[in-house]
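**Q** quick one, structure for this:
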Amino acid sequence: MTGLVTVFGGSGFLGRHAVRALAKRGWRVRAAVRRPDLAGHLQPMGGVGQIMAVQANLRYPDSVMRAVEGADAVVNLVGILFESGRQSFDRVQAEGPGVIAKAAQRVGIDRLVHVSAIGADSESPAVYAQTKAAGEAAVLREMPSAIILRPSIIFGPEDNFFNQFAAMARVFPALPLIGGGETRFQPVFVGDVAEAIALGLEGKAKPGAIYELGGPAVKSFRQILEYILAETGRNRALIPIPFPLAELQGRLLGMLPKPLLTRDQVLMLKSDNVVSAAAIAEGRTLEGLGLAPASIEAIVPGYLYRFRAAGQFDREKAV
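**A** Numbering: from 1, shown residues only. So this is what the prediction gives:
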């Protein structure tokens, strides 16, 4: 069953992949974004009139209500990595999801997929993780049948992780190994997360369940940086930075308009970011949804080549 789906945050990194996956399945997509004039890149992902951008801001419930009226399903992808101006963790990640779920419930929508993050925890020292957990609770309080998806670090052509460190390696003589680089991640391909969203709306996921989405391999922070350096052909030192020093750096860098590091991100690095044993045992994973997750090696070289000294013409990496 398809119909009209409202996708909050549809113009972002994950949003554009989710919109494409839904459009391919025949959904009409209403991308609810703060700046519809900057969402023109979504239209070619579907047929004529299939995808439309509308204005909505989670800080204004009336705009959220207008965005869900007439829809058959809702997806929430809105999240921020750092606070800026009126875009605070509390407003966007703790309160915003509840506003969406409440509006959806009021107009009779019973299908909602909310994307959170592995590490969401009300007891976490990181405000990011606390507000992610609060947002999940608000969604399930308003709509107990909602499906929560918690991905690990998401990778893909426009990601803010592999691309960022590859860009840093092009400029700086060394890269930081925060906490020694032992934190473990389970990077997941953005296309797989988009497929999981679509399957959730199609009724393939358990109502009210929290799914944890990770790729096929668990890698340490050090291993990921080593892979990036090898793939881009950069010879850079990896400098271990103790957590206390990294927290201090995060406090200072966090004051920049677009910080490379914040104290909150350092606190998050103190815990592994991987799929839990409980989620695996209960089938609350990509595999449990019938998906075979793509590996870093299958996807990342296709977009990191631009960071090599000679780009796609680099002889050492050319196939």
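**Q** and the longest helix seen in the chain, what does it pack against?
**A** With secondary structure taken from DSSP state H, the chain has its longest helix at helix 127-142. Packing contacts for helix 127-142, counted by 3 or more C-beta pairs under 8 Å, 6 or more residues apart in numbering; DSSP states H and E, involve helix 89, helix 96-106, strand 112-115, strand 147-151, helix 263-268. All C-beta atoms are positioned from the backbone trio N, CA, C, and that covers glycine.
**Q** so which of those is the most surrounded?
**A** Of all these, strand 112-115 has the most neighbours on average by mean count of other C-beta atoms under 10 Å, namely a mean of 27.
**Q** please enumerate the strands of this structure.
**A** Ranges of strands in the chain, per DSSP state E, are 4-8, 28-33, 51-55, 73-76, 112-115, 147-151, 154-155, 174-178, 184-185, 188-189, 210-213, 219-220, 237-241.
**Q** of those, which approaches residue 307 most closely?
**A** Set against residue 307 and scored by C-beta to C-beta, the strands of the chain come closest in strand 174-178, at 12.8 Å.
**Q** mean confidence score for that closest one?
**A** For strand 174-178, the mean pLDDT works out to 95.
**Q** any idea how far apart the tips of stretch 224-241 sit?
**A** 16 Å (C-alpha to C-alpha, to the nearest Å).
**Q** list the buried ones in that stretch?
**A** By 16 or more other C-beta atoms under 10 Å, the buried positions in stretch 224-241 come out as 224-229, 231-234, 236, 241.
**Q** and if you look at stretch 132-144?
**A** Buried residues in stretch 132-144 (16+ other C-beta under 10 Å): 132-140, 142-143.
**Q** any chance you could list what contacts it?
**A** The contact list for stretch 132-144, computed with C-beta atoms under 8 Å, 6 or more residues apart in numbering, reads 76, 79, 93-98, 100-102, 104-105, 110, 112, 114, 116-117, 119-122, 124, 146, 148, 207-208, 210.
**Q** with just CA atoms, put it into PDB.
**A** Provided in PDB are the C-alpha atoms of stretch 132-144 (Å, rounded to 0.1, in the frame of the first residue of the first chain):
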ATOM      1  CA  LYS A 132      17.600  11.700  20.900                       C
ATOM      2  CA  ALA A 133      16.200   9.500  23.700                       C
ATOM      3  CA  ALA A 134      13.700  12.100  24.700                       C
ATOM      4  CA  GLY A 135      12.500  12.400  21.100                       C
ATOM      5  CA  GLU A 136      12.000   8.700  20.800                       C
ATOM      6  CA  ALA A 137      10.000   8.700  24.100                       C
ATOM      7  CA  ALA A 138       7.900  11.600  22.900                       C
ATOM      8  CA  VAL A 139       7.100   9.800  19.600                       C
ATOM      9  CA  LEU A 140       6.100   6.500  21.300                       C
ATOM     10  CA  ARG A 141       4.000   8.400  23.900                       C
ATOM     11  CA  GLU A 142       1.900  10.000  21.100                       C
ATOM     12  CA  MET A 143       1.900   7.000  18.800                       C
ATOM     13  CA  PRO A 144       2.900   3.700  20.400                       C
END
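**Q** what mean pLDDT does that stretch get?
**A** 97.
**Q** begin at 18, not 1, for the rest of this chat.
**A** Understood, numbering begins at 18; the last thing we discussed is stretch 149-161.
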